[in-house]
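In: Whatever this is, show me its structure:
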Amino acid sequence: MGWLIAGALALSCFLGLALVLKLPRKTREVSAAALILGLAGYALQGSPTQPAKPTEPKEKVAGAEAAEAVKARKAMAGGSTVTDKYLTPADALARHGQYGDAAELLRGAVAEQPANGEAWLAMANALVGHAEGNLSPAAILAYRNAERAAPDHPGPPFFLGLALAQSGRLEEGRAIWAELLARSPADAPWRPELTARLADLDAFIVRKAAAQGK
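Out: Reported below is the predicted structural model:
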């Protein structure tokens, strides 16, 4: 079927040039030669018998995981002054896996309010998502800016530790979480989840070491 379609398109193209555009004979010969060369290239490189395989978008729909990240960030937020015109649409974009667009939108927020920790934190998380879970230098800078803007906020170290662990830097992530847990008040609402995550990370580190024979 692929050969028939390619041949039909080539013939239609030639007839259109010859009959509609009234090309001179010499020009018709050149056009025919070009079309034949095109068909020869298709014969060498084309694969008409292979089934189609649509490529997946670079940024997949994040679904529940992104929604949980947004929810956790909001739970840890302390008196954000980011206006809805930035944070609300950015969160919606992140929930649908459009992390690059979310990060770009949040650049406007930090430009207007460079001391706003939640804006920096949301942008850092979006940058990590955009890099498919990898911790880029831009994301690290955003986390550090979030921490400088709100040094007592648990969000920046919590999500930085999470990003480090997900990037394979387990000990670094563990150290940040352990330090956060040590300075968290006993009645801090985030303390139970942080304790559970740290225990899970410790167990994973032990299993990994055992698998590697250490």
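In: which residues of the chain fall in helices?
Out: 2-15, 25-45, 64-76, 84-95, 99-112, 117-130, 137-149, 155-166, 170-183, 191-211 (DSSP state H).
In: In this protein, where is pLDDT below threshold?
Out: For the chain, the stretches with pLDDT under 70 are 1-66, 77-84, 214.
In: Spell out which residues make up each domain of it.
Out: Annotated domains of the chain cover 2-45, 64-211 [automatic domain parsing].
In: Including mean neighbour count, could these go into TSV?
Out: Glycine gets a C-beta too; all of them are placed from N, C-alpha and C. TSV is the format used below for the domains of the chain (neighbours: other Cβ atoms under 10 Å):
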stretch	mean neighbour count
domain 2-45	12
domain 64-211	18
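In: Surely residue 105 and residue 91 touch.
Out: No - counting by Cβ atoms under 8 Å, residue 105 does not reach residue 91; the two are 9.9 Å apart.
In: can you tell me how far residue 85 sits from residue 119?
Out: 12 Å (Cβ to Cβ, to the nearest Å).
In: again but with residue 88, I slipped
Out: For residue 88, the distance to residue 119 equals 12 Å [Cβ to Cβ].
In: What of residue 144?
Out: Counting by Cβ to Cβ - residue 144 and residue 119 are separated by 14 Å.
In: again with residue 164
Out: Between residue 164 and residue 119 the computed distance is 21 Å (Cβ to Cβ).
In: ok, now residue 99?
Out: Counting by Cβ to Cβ, the separation of residue 99 from residue 119 is 15 Å.
In: try residue 133
Out: Going from residue 133 to residue 119 by Cβ to Cβ gives 22 Å.
In: Please apply the same query to residue 204.
Out: Distance from residue 204 to residue 119, by Cβ to Cβ: 32 Å.
In: ok, now residue 161?
Out: Look at residue 161 and residue 119: by Cβ to Cβ, they are 20 Å apart.
In: And residue 209, by the same measure?
Out: In terms of Cβ to Cβ, residue 209 sits 38 Å off from residue 119.
In: And residue 185, by the same measure?
Out: Counting by Cβ to Cβ - residue 185 and residue 119 are separated by 25 Å.
In: again, but for residue 127
Out: 13 Å.
In: try residue 136
Out: 18 Å.
In: how about the closest residue to residue 159 other than its chain neighbours, what does it touch?
Out: Distances taken as Cβ to Cβ, 6 or more residues apart in numbering put residue 125 closest to residue 159, at 5.8 Å, once the chain neighbours are dropped. Going by Cβ atoms under 8 Å, 6 or more residues apart in numbering, residue 125 touches 69, 73, 94, 159.
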